[in-house]
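In: 3D, please:
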Amino acid sequence: MKILLINPPRSAENNILRFAPDNARPYIHKKLIGPPLGLLTIAAAVKDHEVVVFDMKGEYDLDPKAPPLHVLTKNLLENYLPAIVGVTAITSEFNNANQIAHTVKAFDSSILTVVGGLHATLCPYDFNQSFFDVVIPGQSAHIFRELVTAREQEKSLEGVAGIYMNSQGRFMKTAGKPLIRDFIDKDYLMPDRTHLNPWIETYKVGKSPYPTTYIYTSLGCSHRCTFCSIWGQFKGKYHQRCIDSLIHELKSIEAYPVVRFADANTVVDTEFMRLLFDRIQSEGIKKTFIMDIRADIAAQNPSIIEKMVKGGLKIVICGFESFRDEELKQYNKKSPAKLNQEAIKIFDANGIMVRGNYVVPCNYSRDDFKALAEYAANNPVVYAGYTILSPMPGTSYFRKVKEMITDRNYDRYNFFNALLKPTLPYEEFHHEVAKLWLIRKGTDVI
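Out: Predicted coordinates:
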């Protein structure tokens, strides 16, 4: 059976960039870089079929003048003539996923259209559209396999547990529960990265000459930050992968000298990380590692930072979020601001390039911006990112402020656009956020 899996293009909506001063524009993030692990895992689940993965993000990065989305989609359909088209979507890609599915059905209504990913997990009913046949929430690779088998055998899809489907004008959840899978151990599927060879040059970050791939060492998060959807996606649970599996995967990706651990928070179990990096060194694995580490973990565990640096850790993304303890408490971020400064010292002492991220609430005044700028300038990191505190669907923050949201266009749900009415005039607010991106020690974008 021919299966086409599509990674939709990213949203171009970025009002921080739009209203930025010219000297800040080179440093403001314009895109997230990295391969679609979810689709690669699904491709591995149905590898005995004729599978094509198409990364539209990579395609538009290679050729910004590539055809418009509906034309590009139609070209793919004409070239591959798939029986099933699957698409993944985060919230800011919701509209693009819709357009892809709409184009598929206009081309051939018999093609089965399937959607999964983060937004499908948190808001499955948003996909109650005539051009989507099936929505698969959660870890969907094994369920997708069951779906393909049912389709191939011409059985009713209602027998596939754990999916939502449009059936005779009704949007319904199928009966039963999916089989319990051990996604991080015995049922783990190695992402098939060979599908992405056409776009490998686009997976380079900043000035790095080497492409980056993602590996996750865990699923979920043990923390409960109000603005984050990851812990909600996994219903508050945290799952750690086994070391043997990680070592096997690291050895298998020679094409990628740079590896980003794609966890919400990589260092939760410090003993696990000690053992992992002992194995990395003893196995002679030579990689440059990028990972997300909380400031409190770094400040309280300097020895684990030192060990990981010896094993290849070079870049850390650290969510500082705020310089005020009262704001951190509002975010349920149980790490006082003073630990940001202590973490910076530890990272600097180990030669780590740090990207420190702050979130900016829409109620910031000019004085608030001035205070944040002074703090960031006194505690500089190689690269700092400033995004807007955004009520993302599926988060506790969204539930708290949903009646105050002024922008319902999902294209702008990417942390670069104010979704609540700012205290400052709209353009000025985004301009002030943009100016903050100039505060850093380095010249690279990481």
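In: In CSV, list the C-alpha atoms belonging to the lowest-mean-pLDDT helix or strand in the chain.
Out: Counting by mean pLDDT, DSSP states H and E, the chain has its least confident helix or strand at helix 230-233, which shows a mean of 75. Output of helix 230-233 as CSV, limited to C-alpha atoms (Å, rounded to 0.1, in the frame of the first residue of the first chain):
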residue,chain,number,x,y,z
ILE,A,230,4.1,18.5,27.4
TRP,A,231,3.1,17.2,30.8
GLY,A,232,-0.5,17.4,29.8
GLN,A,233,0.2,15.5,26.6
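In: Can you name every helix or strand that the helix or strand just after it contacts?
Out: Following helix 230-233 in sequence order, the next helix or strand is strand 238-240 (DSSP states H and E). Secondary-structure packing of strand 238-240 (3 or more Cβ pairs under 8 Å, 6 or more residues apart in numbering; DSSP states H and E): strand 218-220. (C-beta placed from N, C-alpha, C; glycine too.)
In: Kindly tell me how buried the residue nearest to E93 when sequence neighbours are not counted is, as a neighbour count.
Out: In space, and not counting its chain neighbours, E93 is closest to P8: 4.7 Å by Cβ to Cβ, 6 or more residues apart in numbering. Neighbour count for P8, taken as other Cβ atoms under 10 Å: 28.
In: just P67 next, same as before
Out: Using other Cβ under 10 Å, P67 is surrounded by 13 other residues.
In: Could I get the contacting residues of it?
Out: N75 (Cβ atoms under 8 Å, 6 or more residues apart in numbering).
In: swap in K173?
Out: Residues in contact with K173 (Cβ under 8 Å, 6+ apart) are I163, Y164.
In: The residue nearest to E93 reaches I90, doesn't it?
Out: No: with contact defined as Cβ atoms under 8 Å, P8 does not count as touching I90 (9.2 Å).
In: Do me a favour and average the pLDDT over stretch 75-90.
Out: On average, the pLDDT along stretch 75-90 is 97.
In: no, scratch that, I was asking about stretch 137-144
Out: Stretch 137-144 shows a mean pLDDT of 91 in the predicted model.
In: for the stretch 301-446 of the chain, what spans make up the strands?
Out: Along the stretch 301-446 of the chain, counting by DSSP state E, counting those that start in this stretch, strands occupy 313-321, 353-360, 383-388.
In: Show me how far the second one is from its chain's centre.
Out: Pointing back at strand 353-360 there. Relative to its parent chain, strand 353-360 has a centroid offset of 16 Å by Cα atoms, centre = their mean, to the nearest Å.
In: ok, it: who's next to it in the sheet?
Out: Applying DSSP bridges, strand 353-360 is found paired with strand 313-321 (parallel), strand 383-388 (parallel).
In: Can you lay out those strands as a markdown table showing distance to K47 and mean pLDDT?
Out: Shown next, in a markdown table, are those (distance: least, Cβ to Cβ, whole Å; pLDDT from 0 to 100):
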| stretch | distance to K47 | mean pLDDT |
| --- | --- | --- |
| strand 313-321 | 32 | 94 |
| strand 383-388 | 37 | 94 |
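In: Adding distance to K286 and mean neighbour count, write those out as a markdown table.
Out: Shown next, in a markdown table, are the strands paired with strand 353-360 (distance: least, Cβ to Cβ, whole Å; neighbours: other Cβ atoms under 10 Å):
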| stretch | distance to K286 | mean neighbour count |
| --- | --- | --- |
| strand 313-321 | 12 | 24 |
| strand 383-388 | 24 | 23 |
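In: Need those in CSV (columns: distance to P35).
Out: Formatted as CSV, these follow (distance: least, Cβ to Cβ, whole Å):
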stretch, distance to P35
strand 313-321, 17
strand 383-388, 21
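In: and of those strands, who's closest to K186?
Out: strand 313-321 (28.7 Å; Cβ to Cβ).
In: Give me the residues contacting the closest one.
Out: Residues contacting strand 313-321 (Cβ under 8 Å, 6+ apart): 225, 288-295, 298, 305, 327-328, 331, 333, 337, 340, 343, 347, 352-359, 381, 446.
In: Just the buried ones from those, in ChimeraX syntax?
Out: Buried subset of the contacts of strand 313-321, written as a ChimeraX selection, criterion 16 or more other Cβ atoms under 10 Å:
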select :225,288,289,290,291,292,293,294,295,298,305,327,328,331,333,337,340,343,347,352,353,354,355,356,357,358,359,381,446
